[in-house]
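In: Give me a model of this one.
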Amino acid sequence: MSKIIQDKVKMRQALKELRSNIPKDIKHKADIEIISRFLMTPEYSGAQTVLCYAGTKEEIDTSALIYAALANKKRVGLPRCNGEILDFYYITSLQDLMPGSFGIMEPDPRKCKRILDFRNSILVVPGLGFSLDGKRIGYGRGYYDRFISHYQGKTIGLCYYPLVKVDIPMEETDKKVNLIITERYTRNI
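Out: Now for the predicted structure:
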């Protein structure tokens, strides 16, 4: 195992522990602030489609972001794991989701149309942590890195402030985000 991979494994463990130690009430307040900051960005205002993810109980709760985007007449797409790749599907409500890969809520392909054109979209990227220069550490499966490698739009990382680090170990296949939003600030990269 290379030194970078070892460092990433250690950082993932440390970030998971840090995140699990954030009290629920603090997380809830941070979620509200992060989503509010996201909704005020020019990237959001200018996008016709918002590609998001359904956050797990440990992650930032993205349901308010999804509801707001739908209420603002934006198209909303969520990912579905298809082998080693992510396919995004349009949803019209959170009722369009079903339990999928890794216990994450995913669009039901019987109800939702697969997105083939990503023009005028932004991508909200999950992550355990981010660095000040846009590096991201995810869960180690590479789904988002593979998707971002051919995605042309802006990428936005939502992150709790304590999980932003000065540096994150990065491999060649890892992709950076263009914008980081925490409960304390919005940072363009």
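In: Tell me which stretches of this protein form strands.
Out: With DSSP state E, the ranges of strands along the chain come out as 49-51, 75-82, 85-91, 97-99, 105-107, 121-125, 129-131, 136-137, 154-158, 164-165, 179-181, 186-188.
In: Nearest approach to Met1 belongs to which of these?
Out: strand 136-137 (16.0 Å; CB to CB). Any C-beta I mention is one placed from the backbone N, CA and C, and that applies to glycine too.
In: what's in contact with stretch 173-181?
Out: By CB atoms under 8 Å, 6 or more residues apart in numbering, the residues outside stretch 173-181 that reach it are 34, 37-38, 41, 43, 125, 127, 130, 132-136, 142, 144-146, 148-149, 154-159, 164, 186-189.
In: try 6 Å
Out: With contacts defined as CB atoms under 6 Å, 6 or more residues apart in numbering, stretch 173-181 is touched by 34, 37-38, 125, 130, 134-136, 145, 148, 154-158, 187-189.
In: What residues sit buried inside it?
Out: Buried residues in stretch 173-181, counted by 16 or more other CB atoms under 10 Å: 174-181.
In: got it, and stretch 46-65?
Out: Residues 47, 49-55, 59-62, 64-65 are the ones in stretch 46-65 that count as buried (16+ other CB under 10 Å).
In: among those, which are in helices?
Out: 64-65 (DSSP state H).
In: picking that back up, closest to Ala30 among the buried residues of stretch 173-181?
Out: When the buried residues of stretch 173-181 are ranked by distance to Ala30 (CB to CB), Ile181 comes first, at 10.7 Å.
In: who does the closest one bridge with?
Out: Leu158, Thr186 (DSSP bridges).
In: swap in Leu86?
Out: Per DSSP bridges, residues listed as beta-bridge partners of Leu86: Cys81.
In: any idea how far it is from Arg110?
Out: 18 Å (CB to CB, to the nearest Å).
In: For the protein, give me the ranges with low pLDDT.
Out: By pLDDT under 70, the chain has no low-scoring segment.
In: So in it, which helix runs the longest?
Out: When the chain is parsed with DSSP H, its longest helix is helix 3-20.
In: which among the contacts of stretch 173-181 end up buried?
Out: Buried by 16+ other CB under 10 Å: 34, 37-38, 125, 130, 134-136, 145, 148, 154-158, 187, out of the contacts of stretch 173-181.
In: circling back: give me the contacts around the longest helix of the chain.
Out: The contact list for helix 3-20 (CB under 6 Å, 6+ apart) reads 128-129, 137, 162-163, 169, 171.
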